[in-house]
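Participant: I'll drop the sequence and a predicted model, then ask my questions.
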Amino acid sequence: MMVVGTAPAPRPRRPALPNAWVRTCWLVSLVLLPFASPAAAQHALSDITHRDSLANGMRVIVVENHAVPLATVDLVVKTGAMSQDTTDEGVPHLFEHMLFSGYRGIEQQSFQQDIGPLHAAYNGETQEELVSYYLTLPSQNVDHGMDILARLVREPHFEQDNLNKERMVVIDELSRDMSDPRTHLNQAVSRALWGAGWPQKDALGSALPLFAATPQRLDQIFHTYYVPNNSALVVTGDVSTPKVLSWAQSHFGGWKRRADPYAAHPVPRVPPLAKSSAIVVTADVPDVTILVEWQGPSATSQQGDTYAADVLSQLVSDEESEFQKRLVESDLFQSAGLEYNTQAHVGAIEFSGTTTVDHLAAALTVLQTELMLMGNASYFDQDALSIAAKQRRVAQSFDLERGPSLAYEYADWWATSGLDYYMSYGDSLSTRTPADLQQFAQRYIVGHPFVIGVLVRPQDADKVNVMLQEYLQMAENTP
């Protein structure tokens, strides 16, 4: 998931389960399993989650955890790359910067001056389907922190001098990201995967639209998308739910409700990928990186498939899986994994792996064979699914203890797939069957168009390009 941020405190992403953690969860599950049934885990999640709405349509989500005297306040808006077109690529990210830069306190203090006495870590981020502003701070300062966040998103100042400064900051960030060869590979593959829909996926953006942005355009974005009925306030940690609701009403209740921004500005439909293609990206790199992407399901219209995608990703990325044994333990790949990016407007299914030029041809052959086998009923084992479900239930139990950092996860899920999706997520994954995974592979991977990109040294480009063309032919001709 492309994430671009503003200030010094990095935001933890939705936690992946590394193999060591998965094995630890499995061992713990032998002890905790009687207490970690799907119903128990789901009931625990519901018990600690309070959902409400203000009269203006703003959602308020509170999760209490009093283990440590800290809390996170996260204000999330359903916007981001999905709200932009080719003339605006990167402008939602610039907008995020401008809110911090243009903040004015009661006595004209800067954001940093206002937030400093609260001893808060803060940041903002722009993704494909959300923009988020958040604070982690001592719990006694939550009321004041919410006041500052309300001022940040409700009273922006878009001044030309600040815009000139912040656009250069964003362009510097863009340059730093693009200095990583892997970013070039990711962008080249994603551009080809999404075609005309690429602007709605490009949270990073490009220089020309950033230079063309004006205060007037930023004001249009604010009045269109920054409305309470398109936003949620998520507060987790050492807080009292009644107090949070009271503070939310005090600081955000006067925010005027407006029209649903996506009624007048619907997100364009993602164009389907017509045919497979291959891309070679060159850089001075020690290994060969392979990236294969397919267009996957939507979390709003194809929920069952998104659950199957996540279960499949967990199974094949487990180092004890047959997939890993055939690809990695064979020494054809140094690493290999499959991921799905949960999105309302179609997420990508992504295989990534590293190998060498000498092993590349054989690695591609084994990869294609493995992908085709996923379409067979015998590929997926019910015992493996049962073990994976136990691992997830125990991992979810640990997740519930994360306190303040739960805000990030709740905000992400609310914006991209809805909180009901998140609340039933563990149960929904646990009900997937081998037939579900087989159908998923047949529906999105086996025989479907894809984009494959390879990052290699310049001197290997011609040889690798020949291998990729042969791979495309092999994939096309495989029954």
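Facilitator: Looks like it came in fine. Residues are numbered from 1 along each chain as shown.

Participant: could you check the distance from residue 204 over to residue 296?
Facilitator: 21 Å (C-beta to C-beta, to the nearest Å). Using the backbone N, CA and C atoms, a C-beta is placed for each residue, glycine as well.

Participant: Now do the strands in this structure.
Facilitator: 4-5, 49-53, 59-64, 70-77, 121-126, 131-138, 231-237, 277-282, 288-295, 335-340, 348-355, 451-456 (DSSP state E).

Participant: Serialize those to a markdown table and add fields for mean pLDDT.
Facilitator: Formatted as a markdown table, the strands of the chain follow (pLDDT from 0 to 100):
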| stretch | mean pLDDT |
| --- | --- |
| strand 4-5 | 46 |
| strand 49-53 | 94 |
| strand 59-64 | 95 |
| strand 70-77 | 96 |
| strand 121-126 | 94 |
| strand 131-138 | 95 |
| strand 231-237 | 96 |
| strand 277-282 | 97 |
| strand 288-295 | 98 |
| strand 335-340 | 95 |
| strand 348-355 | 97 |
| strand 451-456 | 98 |
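
Participant: pull the helix or strand with minimum mean pLDDT from this structure.
Facilitator: helix 19-32 (a mean of 38; mean pLDDT, DSSP states H and E).

Participant: Comparing residue 204 and residue 296, which shows the higher neighbour count?
Facilitator: Neighbours were counted for residue 204 and for residue 296 using other C-beta atoms under 10 Å; residue 296 has more, 24 against 21.

Participant: which residue lies farthest from the center of this protein?
Facilitator: Distance from the C-alpha centroid of the chain, by C-alpha atoms, centre = their mean, peaks at residue 107 (37.1 Å).

Participant: For residue 191, see how far away that residue is.
Facilitator: Distance from residue 107 to residue 191, by C-beta to C-beta: 47 Å.

Participant: now the helices: where do they sit in the stretch 251-400 of the chain?
Facilitator: For the stretch 251-400 of the chain, applying DSSP state H, counting those that start in this stretch gives helices covering 261-264, 303-317, 322-327, 357-373, 382-399.

Participant: can you check the stretch 51-200 of the chain too?
Facilitator: Secondary structure of the stretch 51-200 of the chain (DSSP H, counting those that start in this stretch): helices located at 91-101, 111-115, 142-154, 160-178, 181-194.

Participant: for the record, mean pLDDT for the fourth one?
Facilitator: Predicted confidence along helix 160-178 averages 92 (mean pLDDT).

Participant: Could you do stretch 471-479 as well?
Facilitator: 85.

Participant: again, but for stretch 427-444
Facilitator: pLDDT averaged over stretch 427-444 gives 92.

Participant: Pull out the buried positions in it.
Facilitator: 427-430, 432, 436-441, 443-444 (16 or more other C-beta atoms under 10 Å).

Participant: May I have that stretch exported as CSV, CA atoms only?
Facilitator: What follows is stretch 427-444, C-alpha atoms only, in CSV (Å, rounded to 0.1, in the frame of the first residue of the first chain):
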residue,chain,number,x,y,z
ASP,A,427,-14.9,-15.0,11.6
SER,A,428,-15.2,-14.4,7.9
LEU,A,429,-11.6,-15.6,7.2
SER,A,430,-12.2,-18.7,9.4
THR,A,431,-15.1,-19.8,7.3
ARG,A,432,-13.1,-20.0,4.0
THR,A,433,-12.7,-23.4,2.6
PRO,A,434,-10.3,-25.0,0.1
ALA,A,435,-13.0,-24.6,-2.5
ASP,A,436,-13.2,-20.9,-1.8
LEU,A,437,-9.5,-20.5,-2.3
GLN,A,438,-9.6,-22.5,-5.5
GLN,A,439,-12.4,-20.4,-6.8
PHE,A,440,-10.5,-17.3,-5.9
ALA,A,441,-7.4,-18.4,-7.8
GLN,A,442,-9.6,-19.3,-10.8
ARG,A,443,-11.4,-16.0,-10.7
TYR,A,444,-8.4,-13.7,-10.4
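
Participant: Please tell me how far that stretch is from the chain's geometric centre.
Facilitator: 21 Å (C-alpha atoms, centre = their mean, to the nearest Å).

Participant: Residues in contact with it: which ones?
Facilitator: 38-39, 42, 294-297, 303-305, 307-312, 315, 349, 371, 374-377, 379-382, 385, 389, 392-393 (C-beta atoms under 8 Å, 6 or more residues apart in numbering).

Participant: okay if I get the strands of the chain as JSON lines plus distance to residue 91?
Facilitator: Formatted as JSON lines, these follow (distance: least, C-beta to C-beta, whole Å):
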{"stretch": "strand 4-5", "distance to residue 91": "12"}
{"stretch": "strand 49-53", "distance to residue 91": "29"}
{"stretch": "strand 59-64", "distance to residue 91": "25"}
{"stretch": "strand 70-77", "distance to residue 91": "14"}
{"stretch": "strand 121-126", "distance to residue 91": "10"}
{"stretch": "strand 131-138", "distance to residue 91": "11"}
{"stretch": "strand 231-237", "distance to residue 91": "19"}
{"stretch": "strand 277-282", "distance to residue 91": "26"}
{"stretch": "strand 288-295", "distance to residue 91": "25"}
{"stretch": "strand 335-340", "distance to residue 91": "28"}
{"stretch": "strand 348-355", "distance to residue 91": "23"}
{"stretch": "strand 451-456", "distance to residue 91": "26"}
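
Participant: Which among those strands is found nearest to residue 405?
Facilitator: strand 70-77 (6.5 Å; C-beta to C-beta).

Participant: quick revisit: what about the helices of the stretch 51-200 of the chain, which gets the closest to residue 129?
Facilitator: Per C-beta to C-beta, nearest to residue 129 of those: helix 91-101, 10.6 Å.

Participant: picking up where we left off before, and the buried residues of stretch 427-444, which of them are in helices?
Facilitator: Judged by DSSP state H, the buried residues of stretch 427-444 include 427-430, 436-441, 443-444 as members of helices.

Participant: between those, which is closest to residue 270?
Facilitator: Using C-beta to C-beta, these come closest to residue 270 at residue 444, 13.3 Å.

Participant: Now do the same contact list for residue 472.
Facilitator: By C-beta under 8 Å, 6+ apart, the neighbours of residue 472 are 276-278, 452.

Participant: one more time with 10 Å
Facilitator: Residues counted as contacts of residue 472 (C-beta atoms under 10 Å, 6 or more residues apart in numbering) are 275-278, 450, 452.
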